[in-house]
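Visitor: kindly return the folded structure for what I paste below:
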Amino acid sequence: MTSDLTPHQAKSVGVGGWVVSFLPGRTLTTEQAAAALQAAEAVAAVNELAGRVGLTAMETVGLATQESPWSEPECTGGLRRIWRRGRLQR
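Guide: Reported below is the predicted structural model:
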């Protein structure tokens, strides 16, 4: 298995087992290997977005996984922008 977004790959080791380039020493199922490559692609996407705000992927993930210090926004009846699934909604 290969990815067109990252240089990582998975190779079959027979009998349904796979090894992934960034997980040496682990034998995975086909489903796990595919998930690992999808995770590598997600990291590549985070890395690209993080660079836009001057952070590394690791910094971005670390900061984004922390609980927000802000309370939930109150509905004021005015225009409010909401970020949902990769899109800014009004």
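Visitor: buried sites along the longest helix anywhere in the chain?
Guide: Longest helix in the chain by number of residues, with DSSP state H as the criterion: helix 30-52. With burial defined by 16 or more other CB atoms under 10 Å, the residues of helix 30-52 counted as buried are Gln32, Ala33, Ala36, Leu37, Ala40, Val43, Ala44, Val46, Asn47, Ala50. The way it works is simple: take the backbone N, C-alpha and C, and place the C-beta from them, glycine included.
Visitor: for Ser12, pull up the helix or strand it's in.
Guide: Per DSSP states H and E, Ser12 falls inside strand 10-14.
Visitor: what's the answer for Val61, then?
Guide: helix 57-64.
Visitor: now Met58: how far from Ala39?
Guide: Met58 sits 14 Å away from Ala39, going by CB to CB, to the nearest Å.
Visitor: now do the contacts for Ala42.
Guide: Applying CB atoms under 8 Å, 6 or more residues apart in numbering to Ala42 gives no contacts.
Visitor: what about it, distance to Val61?
Guide: Ala42 is 10 Å from Val61, by CB to CB.
Visitor: ok, Pro69 to Leu63 distance?
Guide: Pro69 is 11 Å from Leu63, where distance means CB to CB.
Visitor: between those two, point out the one with more neighbours.
Guide: Using other CB atoms under 10 Å, the more surrounded residue of Pro69 and Leu63 is Leu63, with 10 against 5.
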